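Trainee: From the sequence below, what's the structure:
(2 chains)
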2 protein chains.
Amino acid sequence: MASVEVQLDPGLLAHILDVWPVARLATVDAGGQPHLVPIVFVAIDGVIYSPIDGKPKRSGNLQRLRNVAHNGAVCLLLDCYDDDWRALWWLRIDAAADVLLGADSPAPMAERIAAALRAKYPQYDSVDLFVDRPTLLRFRPERNTAWSAQPIDWDTLVAPRKS
Amino acid sequence: MASVEVQLDPGLLAHILDVWPVARLATVDAGGQPHLVPIVFVAIDGVIYSPIDGKPKRSGNLQRLRNVAHNGAVCLLLDCYDDDWRALWWLRIDAAADVLLGADSPAPMAERIAAALRAKYPQYDSVDLFVDRPTLLRFRPERNTAWSAQPIDWDTLVAPRKS
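Mentor: Now for the predicted structure:
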């Protein structure tokens, strides 16, 4: 296999973040233990936002929020596993994260994020976009690495129903 | 949605590790930066093994190996994204990791791991199971948390072709 590992330019990165529905988020706790959770997200002007939404959770005091408060260095992975290993690809984004609480964000920006999330995920017609006080994780990408087992056209990537 | 968050018993854990083809592995570097990569794996007697295989890589000096040498605390996530959010589930495994190099592992065990990988992944008929000196990551699970948006039968979980 002739693999390709590249850094994507902002336009391609934005495209993939627009079409791909899920990322796996790694944060790290104070003891150096990493923590993983799948997230939904939107990207606006190169910044990624993920809501603490109404998908069921044990409590609002989530590990991902505690970890980010302690250590803003996070990693996001977008990828697709396929039994055909020639079709494998992944996009890894190292980012600086912080937590946005309701009033931390100017209202017009908060509304823009909410509108983008509802546009990307019609599921929010039946799932609450936020629980209690609106809370978002904000990720400012610092580096990205994209890998594919074979050369692929990142700009024509489309999302499957499952991934 | 009525979600369920549970710890899976060893039998259910073994079943899911047997049928599910891919995990996302989070390791942490010396500076506290997490690193993510999708991996293939097998579980034998409750221990998870992932080969540094012939899928194309930039070099043998992989970040995941450097990170594990520094910090053995890792996290594995098995999950399936679905546009139908009622079908969402994930299984998170906190594990202690180390690196197994060729001669570190008794030959019969190394052969058992290789046979299990070839049985789970027929793709190894055309992709090298190892590059250069055989190298495996070994993960000893310490805690697991399984979540599903709705109650699911973990023991009947089957893998899709893509995930």
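
Trainee: Can you give me every residue that contacts A:D29?
Mentor: A:H35, A:Q63, A:R66, A:N67, A:H70, A:N71 (CB atoms under 8 Å, 6 or more residues apart in numbering or on different chains). In this view, the C-beta of every residue, glycine as well, is placed from N, C-alpha and C.

Trainee: tell me the phi and psi of A:M109?
Mentor: The phi and psi values for A:M109, taken as degrees, to the nearest 10, are phi -70, psi -40.

Trainee: and it, what pLDDT?
Mentor: Note on A:M109: pLDDT of 86.

Trainee: I'd assumed A:P51 was in contact with A:V127.
Mentor: No. Counting by CB atoms under 8 Å, A:V127 does not reach A:P51; the two are 10.3 Å apart.

Trainee: ok, these two, which is more surrounded?
Mentor: Legend: neighbour count by other CB atoms under 10 Å in any protein chain shown for A:V127 and A:P51, higher for A:P51 (24 against 15).

Trainee: how about the helices in chain A?
Mentor: With helices called from DSSP state H, chain A shows them at A:10-19, A:63-70, A:107-120.

Trainee: Just send those helices back as a markdown table, with distance to chain B too.
Mentor: Shown next, in a markdown table, are the helices of chain A (distance: least, CB to the nearest CB, whole Å):
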| stretch | distance to chain B |
| --- | --- |
| helix A:10-19 | 13 |
| helix A:63-70 | 9 |
| helix A:107-120 | 11 |
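
Trainee: Which one of those lies nearest to A:R92?
Mentor: Ranking the helices of chain A by proximity to A:R92 (CB to CB) places helix A:10-19 first, at 11.5 Å.

Trainee: what does the closest one rub up against?
Mentor: A:8, A:41-43, A:46, A:48, A:78, A:91, A:93, A:120, A:141, A:144, A:154-155, A:157-159.

Trainee: How many residues are close by A:D84?
Mentor: The tally of other residues near A:D84 (other CB under 10 Å) stands at 10.

Trainee: Can you pull the phi and psi angles for it?
Mentor: Dihedral angles (degrees, to the nearest 10) for A:D84: phi -90, psi 100.

Trainee: For it, give its distance to B:A114.
Mentor: Per CB to CB, to the nearest Å, A:D84 is found 22 Å from B:A114.

Trainee: and if you look at A:D132?
Mentor: 51 Å.

Trainee: Comparing those two, which residue is more hemmed in?
Mentor: Using other CB under 10 Å, the more surrounded residue of A:D132 and B:A114 is B:A114, with 18 against 10.

Trainee: Quick check, that one in contact with B:L129.
Mentor: Yes. At 6.0 Å, B:A114 and B:L129 qualify as touching, with contact defined as CB under 8 Å.

Trainee: Quick one, which of the contacts of helix A:10-19 are buried?
Mentor: Neighbour counting over the contacts of helix A:10-19 (16 or more other CB atoms under 10 Å in any protein chain shown) leaves A:8, A:41-43, A:48, A:78, A:91, A:93, A:120, A:141, A:144, A:154, A:157, A:159 as the buried ones.
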